[in-house]
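Student: Take this sequence and fold it.
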Amino acid sequence: MTAAGGTAGTWLLYGAYGYTGRLVVERALERGLRPVLAGRDPEATRRLAEASGLGWRSFPLDGDPSPREGIRDMRLVLNVAGPFSATWRPMLEACLASGCSYLDITGEIDVLEAMQELDERAGAAGVHVVPAVGFDVVPTDCAAAMAAGRLEGATELDIAFHVSGGPSRGTTRTTLERLGAGGAVRRLGRIESVPIGSIRKTVRFSDRSRQGVAIPWGDVSTAYRSTGIPNISVFATLPRGIPAAGRVFGAALGIPWVRRLAEWATDLLVTGPGRRELAEGHARVRAEVRDGTGRTAAVELVTPNAYALTATAAVAAVERVLSGAVRSGPGVHTPSRAFGADFVTGLPGVAITEVFPA
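Tutor: Alright, predicted model coming up:
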């Protein structure tokens with residue numbers, strides 16, 4: 001393990017030198033927090049740490065030294081290194097063995113489902129495990145919990161969002177992985193696979209209606225545990241023609257050489273939103289619930305750019321866990337279960353634009 005700069009600290013940020021990691025570092029410093037920075041690449045980690053005046057460590061998640069050695073003397077780890085299908089388990093296992101709380105910003109359904117299976121172990125270890133504390137899934141999870149709280153006995157939940165600005169490299173690689181696996185919805189409490197682009201809906205946002213297509217978003221896993229609602233779909237607004245292209249491209253990603261080519265192109269071409277997009281971009285999130293009698297309730301939020309919100313929400317989650325301001329006991333929890341459905345509305349730039357019924 002390579003380390004320098006006075007590494008003893010309270011919490012560790014793994015994946016710090018990636019696009020989202022750098023935003024988290026900036027937000028942490030704004031809040032007066034001083035994480036220990038970490039990642040696989042020692043040079044990239046060192047450069048960022050020295051520029052930020054922070055301590056650092058470098059260690060892999062699949063070799064020697066072990067992640068457990070890498071997180072020694074930490075109270076909490078925030079993992080922002082995706083795809084999380086490759087990073088969550090070794091890091092979380094190290095946290096459970098060390099009695100260290102674990103947060104990440106995943107939105108991958110398989111990861112979230114597998115992590116839930118470790119709930120009893122996390123509780124026995126006295127550890128708070130709160131995945132998906134970024135745009136996946138803080139605003140959608142909290143909006144869903146707020147809407148469900150307005151309609152007792154709801155049986156259906158539709159979540160939709162519209163975002164501005166382009167994706168980061170890490171998000172694009174994770175999206176490629178999701179497309180290759182196909183779509184997903186929850187029906188009668190069970191997650192079902194569906195073809196990408198096969199389920200569509202006109203979403204009536206408060207400013208205007210937009211066409212949405214069902215996608216395999218993290219709330220297919222988490223919203224069920226936050227609300228208990230057995231039928232859940234998540235819709236993203238996409239330009240015309242994208243759903244059909246997604247079906248073709250998703251199938252092609254099952255071919256190894258196509259997947260490798262797509263990942264190579266991602267690393268070469270994708271950088272992430274610029275400063276202007278981060279400052280001026282926004283997202284809309286709408287959660288609507290229904291029961292068997294035709295009654296409905298809905299909550300809609302406007303948030304900052306998805307990456308800006310991810311950094312803000314993740315740092316706020318770190319602060320909540322470190323200060324003991326967690327509403328649930330040790331174990332694996334969704335953001336709204338851990339911090340309350342109002343967690344999102346306490347973040348800068350987030351506003352409720354519509355509540356129905358009023």
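
Student: Can you check which helix is longest in this structure?
Tutor: helix 306-323 (DSSP state H).

Student: Please determine how far Val332 is located from Arg200.
Tutor: 33 Å (CB to CB, to the nearest Å). For glycine as for every other residue, the C-beta is placed from the backbone atoms N, C-alpha and C.

Student: just Glu108 next, same as before
Tutor: For Glu108, the distance to Arg200 - CB to CB - is 23 Å.

Student: Between the two, tell me which one has more neighbours.
Tutor: The neighbour comparison of Glu108 against Arg200 (other CB atoms under 10 Å) goes to Glu108, with 26 against 13.

Student: how far is stretch 302-312 from where the chain is centred?
Tutor: Stretch 302-312 sits 11 Å away from the centroid of its parent chain (CA atoms, centre = their mean, to the nearest Å).

Student: pLDDT (mean, whole number) over that stretch?
Tutor: For stretch 302-312, the mean pLDDT works out to 96.

Student: what's the answer for stretch 213-233, then?
Tutor: 96.

Student: For it, list every residue counted as buried.
Tutor: By 16 or more other CB atoms under 10 Å, the buried positions in stretch 213-233 come out as 213-227, 229, 231-233.

Student: do stretch 118-136 as well
Tutor: Buried residues in stretch 118-136 (16+ other CB under 10 Å): 118, 121-123, 125, 127-136.

Student: Next: stretch 196-203.
Tutor: Buried residues in stretch 196-203 (16+ other CB under 10 Å): Ile196, Gly197, Ile199, Lys201, Val203.

Student: just stretch 72-92 next, same as before
Tutor: 74-85, 87-92.

Student: for stretch 26-43, same thing?
Tutor: So for stretch 26-43, counting by 16+ other CB under 10 Å, buried means Arg27, Ala28, Leu33, Arg34, Pro35, Val36, Leu37, Ala38, Gly39, Arg40, Pro42.

Student: which of those lies closest to Gly15?
Tutor: Gly39 (5.7 Å; CB to CB).

Student: ok, what's across the strand from the closest one?
Tutor: Gly39 has the following beta-bridge partners by DSSP bridges: Ser58.

Student: Pretty sure it sits against Leu12.
Tutor: No - Gly39 is not in contact with Leu12 according to CB atoms under 8 Å; the separation is 10.3 Å.

Student: circling back to that earlier point, just the ones of the buried residues of stretch 213-233 in strands?
Tutor: Val213, Ala214, Asn231, Ile232, Ser233 (DSSP state E).

Student: returning to that earlier point: show me the buried residues of stretch 26-43 that map onto strands.
Tutor: Val36, Leu37, Ala38, Gly39.

Student: Spit out the contact partners of Pro357.
Tutor: Pro357 is in contact with Arg150, Ala297, counting by CB atoms under 8 Å, 6 or more residues apart in numbering.

Student: Leu103 now?
Tutor: With contacts defined as CB under 8 Å, 6+ apart, Leu103 is in contact with Leu76, Val77, Leu78, Asn79, Val129, Val130, Pro131, Val133, Ala314, Ala317, Val318, Val321.

Student: which two from the residues you listed end up farthest apart in space?
Tutor: Largest pairwise distance in these, by CB to CB, is 14.4 Å, between Val129 and Ala314.
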